[in-house]
Structure formats: C-alpha cells, structure tokens
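[1] Take this sequence and fold it.
(2 chains)
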Amino acid sequence: MARHARFLIGRLAGYVAVVLVGITFIFIIPRLLPVNPVEAMLGRMMSQGAYMQEDQVKALREALSDAFGLNGTLLEQYLGFLRRTLLSQDFGPSLAMYPTPVKELIGQALPWTFGLLLASVLIAWVVGNALGLIIGTMPDSRTSRMLEAVAIIFYPIPYFILALVLSILFSYVWKVFPLTTTVRGAPWSWELVWSIVYHSFLPAVSIIAVTFGWWMLSMRALSSTLMDEDFVVYARLKGLARSRVLLRYVLPNAMLPQVTFLALQLGLMFNGSIIAEIVFSYPGVGSLIYTAILQGDYNLLMGTVSLSIVAVATATLLVDLLYPLLDPRIRHR
Amino acid sequence: MRLRTWIAAAALAAIGWAEAAWSQGMTDVGTPRKETLVVDILTGRVGNPRRMNPYLEGNALVQGLHQLGYSILWEIDTVKGTQYPALAATLPEALDDSFTKWRFKVRKGLAWSDGAPFSSADVVFTARMALDNPKLPYHRFIVNNIKDIRATDDETVELETVNPLPKLTYSFGAVIFGNSFRVVPKHIWEKVDPLTFENYPPVTIGPYKLKDSDPNGFWFLWEKRDDWQRTDVGQLVGEPKPKYVLFRSYGPEEKRVIAMAQNEIDILTDITPEALEILRLRNPKVKAWYDAFPWANLDDPCQRGISFNATTAPYDKWEVRWALALATKIDDVSIATFSGMLRASPIHVPPISILMKSYHEPMTAWLKGFALPDGYKPFDPDYALRMGKRLAAERIEGLPKDEAGLRQLFGVGWWKHDPAKARQLLESVGFKKNGNAWLLPDGTPWKMTINAPADFEIQSQRLAFAVANEWKKFGIDVNVQQQQGGVFATEYATGNFQAGSYWNQNCAIGPDIWVRLEWWHERYVSPNGQPASFNRERYKNPEVSRIIEQMARLPVTDPKNVEQGTALLQELVKGMPVIPMFGTSKFVPVNTTYWKNYPSASNYYEGPWWWWSNFKYIVARLEPAQ
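    Next up is the predicted model:
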C-alpha cells in the first residue's frame, strides 16, 4: 500500500512541477520580447485611420495597460498571473481579437479541435493498428504488400502539401466541399450535425491520410517481431486458432507503445492540427495559435500554450497511472 | 466486386449532391447568390461576433456594423475630399465668432431598424452617455470637447464646446475611415449599461440590418430593410439593390483569391499585385481599379516613405536626412517595390487626385525653385517621363502617351539621384568615406537599421528592402529588420528605431490637411523610451508648430487652409523628417459576375474603401449584373 502511495505521490509531484515550470516560462518569455501589447493595440487602432485626439489616446493607454495586466512590479505581475491562470484560467484579453477574453476564445475553439482531432486520431489509430497487425502477421500476401505501399506513399507527404492538394482538388477543381467552415443549423439539430460533419470531412481526411501510415508501419514492425517470439511460436504450435493467437498473444504486447503514443497524441491534440485548421479555415485552437503568432498576441499564445502544457502533462500522468493496469510487469516492479 | 460497386456509387452520389447544392445558386449561408453581395472582412475572423458595442474600444466593427449599420453626422465625399451632411441635414452653423457655439439640424423622416423614429434626442443622448460615463474610453474625448449639448426640437441640436472648435465636423464627422461618434438609439441604450451592453443584435440606422452571424465569427449577414426609404442612404441615393450583404472571412490570401476566382466573393479588401495578376488570368469577370497599368487605385489617403527618429544621431541632422534622399534612385525603388505601379510624392501629403490639384501641382513651381541653404536645387521634375519611357521599353501596355498624362500617373516629380551632392552634405557634418563605406563623425562605421512590417502592409515591407538596397550601393551598412505588428508598433511609439517604413503620419484626404498633419506639432514629442501618441518621429520645429496652431483656428471650409497647408508642407520639405516616396497603391479587385457599377477609375463616384463608413453609399449604387 505504501509502495502504491509513494508511486502516486511521486507522479503527482512531477506533474505539478512540470506545470509550474512550464507556466513560469510562459510568463517570462513574452516579457523578454520587445513588444508592448498596449502600444501594439493602439498602433492597430490608429492605423485604421479614425480621428483621435491625444487625451483620447492617453485614456486608452491607461485602460489597456490595466486590461493587459501590465500595472505593478514584475513580481506582482507574476503572482497575479499565477493566481489568474491557475485558479480561474484567466489569461486576460486577446490582443488580436480585443477585448474578447482568451479564455472565451479557447472555450469556443476547443470543441472544434477536440471533435476533429479526437475523431481523426482515433480513426487513424484504429485503422492503422488493425491493418498493421494484419500485414505484420501476413507479410508475404499481396494485400499486405499493397497496404504497405499505400502507407509508405502517404506517410512521408508533408502535411501542408496534402491539405492544400485536397483543398484545391475538392474545393476548387471539383467543388464538392466548401472553401471555409460555414456551420449552420439550430442547436442540437440534424442540420447542425450534418453541417459539422460535412465541413469537417476534408480536414479529417487530411489528418487521417497522413497519420494512419505511421500507425500501420509501426504496428507492422511490432507484430512481425512478436510473431517470432517464443511464446507466440509456442501458441501456434499448440494449435490455437490464428485469430486467438493474434488477439490474445500478439496484440496485447504490441499495443503498449501504441497506447503510450496515442496518449501523447491526444495530449498534443489541444494544440490543434495547426496546418489543417489554417488551410481549411477551421475554427479550432490551431487557428488561434496561428493568429496569435502572426499578430504577436501574447495573451492568446500564453493561453493556448498553457493549455498544451497542462494537456500533455495530464496525458503523461494518465499513461503513468494506467500502465500498471495494462502491463503486469510494471505492477510487480 | 459488389462492395466496390457500392462504394463507387456512394461516392458519385455524394459528389453529385454537393455539386447540385452549389449549382442551385445559393450562398453557403442560404441566401440566393444573385441577391447577395459578398464582401471580404478587412481584419479577418471576428473573435466574439456578439460584441457589437461601438463604445467599447477594440470591438470589431468592420464586419458591416461600421460600413452598413451606423451612419455618421457628416460623411466624407472621397472624390472631392469634402464633407456633406449624412445623418445631419445641414453642415453646422457657428453661432459666435469664437466657434464655441454651434447649431445643426438632423435629417427628417429617418427611423431605426426597429421602426422607432430617429431624432435630435438620439444625438444628444449619445453625447451625454459618453459625458456621464467616465469609464467609457470615448469619455475623455467628449469631455475635452463638449461643454453642453441640447435638443431644441426634434430636428435641432445646439452645442457649446469647451474651446474654440472651428473644425467641429472633423471631430464628429468622417474624414478618413469614419468617426468614433456613432449615434445610438436612445430608446434602447437608455435602459442599459453602456459599459457592459453587448448590442447584439444591434438596432441600427443604416439601410441594412443584421440578419444572422456565425458563432465562430467567420461571416455576418446583413439584410436590406423594408423601410430603406427611412435611412440617409435611401434619401440621398435611393434603394440599394443587393437584398443581402454578406461580410465574410476566407482566411489567408490564397483562399481569398480562390474564392474570388470561383465567384464566391465579390469584393476583396487588399491583395498583392501578384495575386491580382493570377485573378485576372483565372477569371475575366474580375476587375481592378484601372483596366490596364497600373491596375491599382492610387488614391489611398496615407503615403509611404522612410521615417527617422529625429532625436537619434545621426538622423537628428537635416543634412543626413537630405543626403539619404539624394542617395535614393527613386525609379529603381519604384520598380523593385511594385514594378513601377506607384505615384511618387516629393511632399508630405499623399499624391491622391484631390491633393495633386490642391498641393502637388500648384507647388511644382516652388519645388523647382527650392534650394538647400547652399543654393543647390534638389528637385527633379522628370521622374514621370523617365518612368514612362522605361516601362514602355518593357512593353507595358496602357501607358499615357502624353507628358501631362504621365505626370498625372507617376506624379509631379521627386528628388534628384545625386550621390555626389549626398556625399558633400554628409562630409559637411563630419562623415568620412573609407573606400566604399561611410564612417560616422566619430570614425566608426555607419550601420543603420530600417524597421519594416513582416508580411503585412506589403508595399511598406518591399519599400524598406528597395531603399536599403539603394543606400547600400551608396556605402551605408543597412539592415532591414522585419517585425510583426506588435513589435513594429511598439518600437515606433517608444522611439526605439533609427528609421522605419512607417506611414501613419502623412495622411490626408481633403484640401484641409490639418487632421493628421497636426501630429507634427512639437507638443506631442516624448522622450525616447516613453510611448508617444503622435509625432513618433520626435521632430521638433517651432515654425511647423506655429503653422499648425494657425491652421487649427481656421474653419474647415476656409480657403486659407490650403495657403497654410502649403506653408506647412514647405517647412516639412526643408526639414525632411520623413522622406516621402509614394502614394499607396491598393489592389482592390471586384467581381462583376453578379454585380456591376462598382467605382473604378473610369466610374469614379467613390474611392474603393470598402471598410470605410461611406461603403453604404457604394452599395446603394451597385446594379445586378444578371
């Protein structure tokens, strides 16, 4: 029992440390850059050309300094930042989409990214692993060689090229899918569901096409190695059915690294698949990160990166905690 | 085999269904394409589409609210550069000689989009709302300008200003882009807290009302009001033909270009010349401002050039700034920036049609006679002729044949390319040439950094590189530092720059150039390190400040404005705090598949500023093309 508690406390302490260090870096890095979000905001307002008087600009400067949390000493700002981010996930207003709070923007974008990437990552994972298992255990069949060739063709294609090609082919040459995401329909209606599926189809295909190849090839390598292991050879010689050998002996052992990587993939999901979202104008977290980088929106960048740190750290923690359940060897260590 | 057949059939059915949906002629927001004008959103996707309170600074307004929803008391005629009454029925009448008491009438028979009548009470309420709410960002402006305001009847507004305000219509009417004083409906806003009110859906006064919007902020659909006659646009122009106006963001330039190539969008805000070239080749229905060279509209009210921090050595010396001007071969800069599709400007206001008539052309004689203190005359009146010859040799079609036409297209001239004179000026203030490299007066190599926008404001970005190339050839070690928007603006405001391709300071649209040029007053100068609201070049010139103060005392319509403006420009030429170079060339294509009668060089009834408040008057003149 004490051993279990030690294991749990150690992992939790590591988790807290990773999150704190990550968030501290996020606070420090923007302050080392030569940008003042207030002046950036004022510059943007004034470049639109509307008539302004000096007092008006001064009043705005004061209001914006307050809104961006730039008043007080560095330590006061840091403590305020920790309190706001950790307790209420408040990263202040977005500069690019001022005055919308970063929290609100992320809240709007998360379901889109979550829906798109969860579905595509899981589909790619299931399909890739299932096919990888088959071709790993039947390496000489024609189907295996064909599937392997497909995976090898798609896997190295740079992601943005595939996304652009899909977009040009299916939104311009043949106008089957839309150029941008225009979701319509009443809440919880079939029209809305259909609209979301229709608009998410191309982005999802682009993610699945590029990622399933890696899952397939890695699973093929794992399963073909396992097929030569003594315990699998013994099971086959014992006369067990082929399906039973695959599902009870090969698959569970091949799955461990795949599960670990899946968990990390799901953690990284909160970053969004930036390129897919940009190319298809998809309203997810990836689009937000792109906007934040392009317009120097540090609050938004801090918000999205913090989310990513917490998500990856949480996913790693969950894998750490789940591993003993999946692998008896770790349970007994 | 049977499975494959099923898959193929399903795929074909899906493609057929999707293509059928498109070919029904509907937009993807469900409106008939033929009845919908589709317009690019200038600033892209809107963060929170429900925030439509125009009095909370920073809320996005160019999704149609600014262009179609609200109207302004006095609007700008972008062709003449003069203001005219829009929501107001008259220009304001001064009731005393000191320009502190004013009266004007509002237009009769107007109504808000919910049917409530519009009256002078709405104007007074809006001003009082800002006066009574110190936390509103607009409060400081109004409290500094308005002492008292009242409605004497449903049509008449009387107001008293804190100080003499002869240019009242600049403070409360459109000059460039619009004005922050947007009249709101009293019957709605008197019941809400303006500091927290979302204003969604907004009750507006323009000829369109908001029908629907995308929760993700990619599109906003505006529908023509049934009672469009009860709007200023209805009274001044007539019935707008598009039933719907859809403002939408397609994302990066490639997507916007594809959207216009396949007729999904009618109006694009601003693209590169290369993108325009692609569009013209892909879709013959796409039209630029001109039907031939230079394609772009040249009448943007801000001009481009190189600014200097006038408090940082060696740029604090006029001799250095003038030497840099004379070390620039402007012909090559023009070609390198936008392949010659630029109109040059030797003075500190943009070379737009109106100002060419008011300043550039009348000042040409003075420019020819202008001499530096040692008697050297730097003006070169032949730039336009050389450019015409050079581009004709490159087989560019559509160039004017005559000298007057060339000067109209390329400008009245610029400064001579005279490296020998530039060298003399630098040596007069202690610079030395070591081989081909310049040394500062203290003997160290002259290294210079030009700040430039990174991947936005493409003309300024390219201009910085082209100018750097010229100055490198002259022997200066020049580096162009590309910066994203936040850094670019911060360094400009805090004076942390030597030189930069900034453009905010030299903007004007009408003969009275006071509005932006008053920023040159020395009272706005801040020490380096502290943000400056205006005069970010930190240029101090008592004579410039004196003229600006005189101009501030003149009413907008006073003909002396041009006289004083000319004197101001002459002083700026002498000091050269910014080297003015070119007007801004805007590539603003339109698609004539569904709509026609857009403004253009041959049909110049408005400037193509789709993101300005006067856009509603352009919409009202469009005609269906099918």
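[2] tell me the secondary structure for B:Val245?
    Following DSSP: H, G, I helix; E, B strand; the rest coil, we place B:Val245 in the strand state.
[3] Pull the number of nearby residues for A:Thr143.
    By other CB atoms under 10 Å in any protein chain shown, 11 other residues sit near A:Thr143. Just so you know, the C-beta spots here come from the backbone N, C-alpha and C atoms, and that holds for glycine as well.
[4] what's it in contact with, if anything?
    A:Ile134, A:Ile135 (CB atoms under 8 Å, 6 or more residues apart in numbering or on different chains).
[5] so which strand or helix has it?
    For A:Thr143, the element it lies in under DSSP states H and E is helix A:142-154.
[6] Just the buried residues of that helix, please?
    By neighbour count on 16 or more other CB atoms under 10 Å in any protein chain shown, the buried set for helix A:142-154 is A:Ser144, A:Leu147, A:Glu148, A:Ala151, A:Phe154.
[7] Hmm, A:Arg220 and the third one touching each other?
    Yes. A:Glu148 is within contact range of A:Arg220, at 7.0 Å (criterion: CB atoms under 8 Å).
[8] hey, what's in contact with both of those two?
    Common neighbours of A:Glu148 and A:Arg220 (CB under 8 Å, 6+ apart) are A:Ile135.
[9] could you give me the average pLDDT of the helix holding A:Thr143?
    Summarised as a single mean, pLDDT over helix A:142-154 is 85.
[10] what's the following helix or strand after that helix?
    Scanning forward in sequence from helix A:142-154 by DSSP H and E, the next helix or strand is helix A:159-168.
[11] what about that next one, average pLDDT?
    Here the average pLDDT along helix A:159-168 is 84.
[12] Check which helices and strands it is in contact with.
    helix A:190-227, helix A:274-279 (3 or more CB pairs under 8 Å, 6 or more residues apart in numbering or on different chains; DSSP states H and E).
[13] Using a markdown table, lay out these together with distance to B:Arg150.
    Formatted as a markdown table, these follow (distance: least, CB to CB, whole Å):
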| stretch | distance to B:Arg150 |
| --- | --- |
| helix A:190-227 | 51 |
| helix A:274-279 | 53 |
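[14] Let me have the ones you listed in JSON lines, extended by mean pLDDT.
    Shown next, in JSON lines, are these (pLDDT from 0 to 100):
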{"stretch": "helix A:190-227", "mean pLDDT": "87"}
{"stretch": "helix A:274-279", "mean pLDDT": "83"}
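[15] Of those, which is nearest chain B?
    Nearest to chain B, of all the helices and strands packed on helix A:159-168, is helix A:274-279, at 6.9 Å by CB to the nearest CB.
[16] immediately after that closest one, which helix or strand?
    Taking DSSP H and E, what comes next after helix A:274-279 is helix A:285-294.
[17] buried sites along whichever helix or strand comes after that next one?
    Remark: after helix A:285-294, the chain's next helix or strand is helix A:298-326, criterion DSSP H and E. By 16+ other CB under 10 Å, the buried positions in helix A:298-326 come out as A:298-317, A:319-320, A:323.
[18] ok so, going back, measure how the helix holding A:Thr143 sits relative to helix A:190-227, angle-wise.
    110 degrees (axes from the mean of the first three to the mean of the last three CA atoms, to 10 degrees).
[19] For chain A, see how far away B:Ser353 is.
    18 Å (CB to the nearest CB, to the nearest Å).
[20] Count the residues that sit near that residue.
    Residues near B:Ser353, counting by other CB under 10 Å: 19.
[21] Can you name the residues that contact the closest residue in space to it that isn't next to it in sequence?
    Leaving out its chain neighbours, the residue that sits closest to B:Ser353 by CB to CB, 6 or more residues apart in numbering or on different chains is B:Asp299, at 5.7 Å. B:Asp299 sits next to B:Thr78, B:Pro350, B:Ile352, B:Ser353, B:Ile354, B:Gly583, B:Gly607 when contact means CB under 8 Å, 6+ apart.
[22] I'd assumed B:Asn614 was in contact with the first one.
    Yes. Using CB under 8 Å, B:Thr78 and B:Asn614 qualify as a contacting pair, with a distance of 6.3 Å.
[23] For stretch A:4-18, list the C-alpha coordinates in CSV.
    What follows is stretch A:4-18, C-alpha atoms only, in CSV (Å, rounded to 0.1, in the frame of the first residue of the first chain):
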residue,chain,number,x,y,z
HIS,A,4,1.4,2.5,-4.2
ALA,A,5,1.1,5.8,-2.3
ARG,A,6,4.8,6.5,-3.0
PHE,A,7,4.3,5.8,-6.7
LEU,A,8,1.2,8.1,-6.8
ILE,A,9,2.7,11.0,-4.8
GLY,A,10,5.9,10.9,-6.9
ARG,A,11,3.9,11.1,-10.1
LEU,A,12,1.6,13.8,-8.9
ALA,A,13,4.6,15.9,-7.6
GLY,A,14,6.3,15.6,-11.0
TYR,A,15,3.1,16.6,-12.7
VAL,A,16,2.7,19.8,-10.5
ALA,A,17,6.4,20.7,-11.1
VAL,A,18,6.1,20.3,-14.8
